[in-house]
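Participant: Got a predicted structure here, sequence first:
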Amino acid sequence: MIKISKLSKTFSGEKVLDNLSVDINARDVIAIIGSSGAGKSTFLRSINYLVEPDSGFITFGHEHKVDFEADFATITKGQILELRRRTAMVFQQFNLFERRTVLQNVMEGLTQVKKISKHEAEAMARKELTTVGLDDRLDYYPKFLSGGQKQRVGIARALAMKPELLLLDEPTSALDPELVGEVQASIITAAAQGQTMILVSHEMDFVYEVATKVYFLDQGQMIESGSPDEVFNHPKTARMKQFLSRNKRFGSL
């Protein structure tokens, strides 16, 4: 169980995140949806302290035992490092090392952060790259990859770190439409293998397919949550219905 509690963030006097709480069970795929500017990416980046929250708590536990807990208002450097060891982020813009091969990009965190031997790191990197369908691109440099392939390298790099929580920030938003499917397939595979994750996405059909629970974020508040069927097919709030109105699949509800 991972608990995010009472998370708040203010920018320039405007409250972007207002006392948000989310409970995450092992193997959950939590989707955060909402309009542009709702605070989705800020929420995701606050979880691993890429954005510094004003207040809130995060707890990692197992079978009613707390393994790690941090108060964002008083978090220490050591706690930030531990938090980032337990999480991994997949960014919109890939963030690959251009002068390293695909294999080297995935190995980097394993050797530098986890201090794993190069031999073991290479075996782990090869495994994750095979999972995302890139075992034939190990020696390629990023400039020779498509956007979809770069993003799949990013997913493999994150999965290789064996995070307790995988964070995906609009992983298909920078891709041409024809490349979106290959990245979504990699995420579905990771979910099927039991990876716990939080996904921020504007692809509602994909969210409906992959998520175990959906949270609708609007003006810094979680105003609706539930299973994909509950949120998309039986929305409770007028704002949720308005948000879905332009979606071909759900907009007629």
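Facilitator: Now that the structure is in, tell me what you want to look at. Residues are numbered from 1 along each chain as shown.

Participant: any weak-confidence spans in the stretch 151-253 of the chain?
Facilitator: Scanning the stretch 151-253 of the chain for pLDDT under 70 picks out 248, 251-253.

Participant: what ranges do the strands span in it?
Facilitator: Taking DSSP state E, counting those that start in this stretch to define them, one finds strands in the stretch 151-253 of the chain at 165-169, 197-200, 213-218, 221-226.

Participant: Check the stretch 1-150 of the chain too.
Facilitator: For the stretch 1-150 of the chain, strands defined by DSSP E, counting those that start in this stretch occupy the ranges 2-11, 14-24, 29-33, 55-62, 65-71, 87-90.

Participant: Which strands or helices does the first one pack on?
Facilitator: For strand 2-11, the helices and strands in contact under the criterion 3 or more C-beta pairs under 8 Å, 6 or more residues apart in numbering; DSSP states H and E are strand 14-24, helix 40-47, strand 55-62. (Glycine included, C-beta is placed from N, CA and C.)

Participant: now with 10 Å?
Facilitator: On a contact count with 3 or more C-beta pairs under 10 Å, 6 or more residues apart in numbering; DSSP states H and E, strand 2-11 meets strand 14-24, helix 40-47, strand 55-62, strand 65-71.

Participant: What strands flank it, and is each parallel or antiparallel?
Facilitator: Paired with strand 2-11 in the same sheet, following DSSP bridges, are strand 14-24 (antiparallel), strand 55-62 (antiparallel).

Participant: I'd like those written out as a markdown table, with mean pLDDT and distance to residue 218 added.
Facilitator: Shown next, in a markdown table, are these (pLDDT from 0 to 100; distance: least, C-beta to C-beta, whole Å):
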| stretch | mean pLDDT | distance to residue 218 |
| --- | --- | --- |
| strand 14-24 | 95 | 10 |
| strand 55-62 | 95 | 19 |
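
Participant: Can you say which of the ones you listed is nearest to residue 235?
Facilitator: Residue 235 lies closest to strand 14-24 among the strands paired with strand 2-11, at 19.0 Å (C-beta to C-beta).

Participant: mind checking which of the strands of the stretch 1-150 of the chain is nearest residue 41?
Facilitator: Ranking these by proximity to residue 41 (C-beta to C-beta) places strand 29-33 first, at 9.0 Å.

Participant: Report the strands that pair with that closest one, each with its relative direction.
Facilitator: By DSSP bridges, strand 29-33 pairs with strand 197-200 (parallel), strand 213-218 (parallel).

Participant: Quick one: closest of those to residue 232.
Facilitator: strand 213-218 (7.4 Å).

Participant: starting at the chain centroid, how far to the closest one?
Facilitator: Mean-position distance between strand 213-218 and its chain equals 14 Å (C-alpha atoms, centre = their mean, to the nearest Å).

Participant: Before I go, just wanted to say thanks for your time.
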